[in-house]
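> could you look at this predicted model? Sequence included:
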Amino acid sequence: MSRRNKITVIGAGNVGATTAHWAASRHLGDVVLVDIKPGMPQGKALDLAESGPPMGFDLNLSGTQDYADTAGSDVVVITAGVPRRKDPKTGEYTSRDELIETNRKIVGAVTKGVVEHSPDAVLIAVANPLDAMCHVTLHESGFPKQRVIGMAGVLDTSRYKTFIAMELGVSVEDIHGMVLGGHGDTMVPLPRHTSVAGIPLTELLPKDKIDAIIQRTRKGGGEIVGLLGYSGYYAPAASACVMVESVVRDRKRVLPCACLCEGEYGYDGLYLGVPAVIGKGGVEKIIEMELNDEEKAMLDISANAVRDVVKLLPYTSAAS
Ligand SMILES: NC(=O)c1ccc[n+]([C@@H]2O[C@H](COP(=O)([O-])OP(=O)(O)OC[C@H]3O[C@@H](n4cnc5c(N)ncnc54)[C@H](O)[C@@H]3O)[C@@H](O)[C@H]2O)c1
Ligand SMILES: O=C(O)C[C@H](O)C(=O)O
């Protein structure tokens, strides 16, 4: 009898629980939710399982504090970590990078728990600061780079496409394009490589409108924090699920993901958002697209911003 795919989600908070929700509703596999809060992942998993009859999914959904229950996972999504929040008095909110000290410890510890029981899994890092957390996950897992991927580009691209669709009054389905670079304000949307049903975006919108969409995309996470008071989770979880699906169904989608660049785009030993073919084995290939001087300069700025954060980790030999 063939077995179902097993998907573990570490951290059953907003992003983790919503990832489990999307994964179940798309019937991607059995889902195990892990969280340090006793009863909480168990309660969310049971509640989700009880939504199976009306929603028509019949998967095993469980919650646990015990990594042994995650054994043999095909994919593990690591959302455990603190999100940024808005101070209700000042309206100020922290940057993703300021989360590094807390989250590197959480992500490091959970990665060790995961790999002990699922040595063949593909790991998808989600906690922030995302690109640096990919380095933590790679280091602590000892996995090959192909099996440690970061989720950010799919989300950033999703926001970019949403804003284009809103501006043009067209379906998001017809918008094709990508956002590369680090998951921060220096990310690199690529309007020259964006089309609407094959029509170049640059023919459909004037430069000032495109520039406004780029700026809104770069600040997209902050816009949600500003409105909600804490980080968004529907679009992040949906984006993680697109990656999970490409792995478990071996779809070989071309997705912008944080991948370890070792020479690609001129970067060495650095996680950065680049287009990648995602299949059963994780990153099957990084696609090197032609960038013009302006685009490459923006990617360099973004890579430098990521490198500055990665340098704060105790064990990396500052990527070049
Ligand atoms: N990469 C992205 O694009 C992206 C998008 C959204 C959120 N995030 C990040 O994802 C992380 C989670 O965000 P959230 O909104 O779900 O936060 P949340 O607070 O709702 O959930 C985090 C959960 O992690 C759990 N946790 C903490 N330490 C743990 C441990 N050692 N083991 C197991 N579970 C543990 C907490 O109990 C909590 O339930 C944050 O770092 C956030 O910044 C990244
Ligand atoms: O911005 C955040 O705090 C969370 C996440 O990185 C996002 O882009 O939504």
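Right, received. Where do you want to start? Ligands and ions are numbered 1, 2, ... in the order given.
> so where's the stretch 201-320 of the chain shaky on pLDDT?
Residues of the stretch 201-320 of the chain meeting the criterion pLDDT under 70: 316-320.
> do a quick rundown of the strands in it.
Along the stretch 201-320 of the chain, counting by DSSP state E, counting those that start in this stretch, strands occupy 253-262, 268-279, 282-286.
> packing partners of the longest one?
Counting by 3 or more CB pairs under 8 Å, 6 or more residues apart in numbering; DSSP states H and E, the packing neighbours recorded for strand 268-279 are helix 130-141, strand 148-150, helix 153-168, strand 179-180, helix 234-248, strand 253-262, strand 282-286, helix 293-310. C-beta: built from backbone N, CA, C; applies to glycine.
> CA atoms of the fifth one as PDB?
What follows is the C-alpha trace of helix 234-248 in PDB, where atoms were taken according to Å, rounded to 0.1, in the frame of the first residue of the first chain:
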ATOM      1  CA  TYR A 234      -2.600  34.000   4.900                       C
ATOM      2  CA  ALA A 235      -0.400  34.900   2.000                       C
ATOM      3  CA  PRO A 236       2.800  33.600   3.700                       C
ATOM      4  CA  ALA A 237       1.200  30.200   4.500                       C
ATOM      5  CA  ALA A 238      -0.300  29.900   1.000                       C
ATOM      6  CA  SER A 239       3.200  30.700  -0.400                       C
ATOM      7  CA  ALA A 240       4.800  28.000   1.700                       C
ATOM      8  CA  CYS A 241       2.100  25.600   0.500                       C
ATOM      9  CA  VAL A 242       3.000  26.200  -3.100                       C
ATOM     10  CA  MET A 243       6.500  25.200  -2.300                       C
ATOM     11  CA  VAL A 244       5.400  22.100  -0.300                       C
ATOM     12  CA  GLU A 245       3.200  21.100  -3.200                       C
ATOM     13  CA  SER A 246       6.000  21.400  -5.800                       C
ATOM     14  CA  VAL A 247       8.100  19.100  -3.600                       C
ATOM     15  CA  VAL A 248       5.600  16.400  -2.700                       C
END
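> show me the shaky parts of the stretch 1-150 of the chain.
The model of the stretch 1-150 of the chain has pLDDT under 70 over residues 1.
> right, I'll call it a day here.
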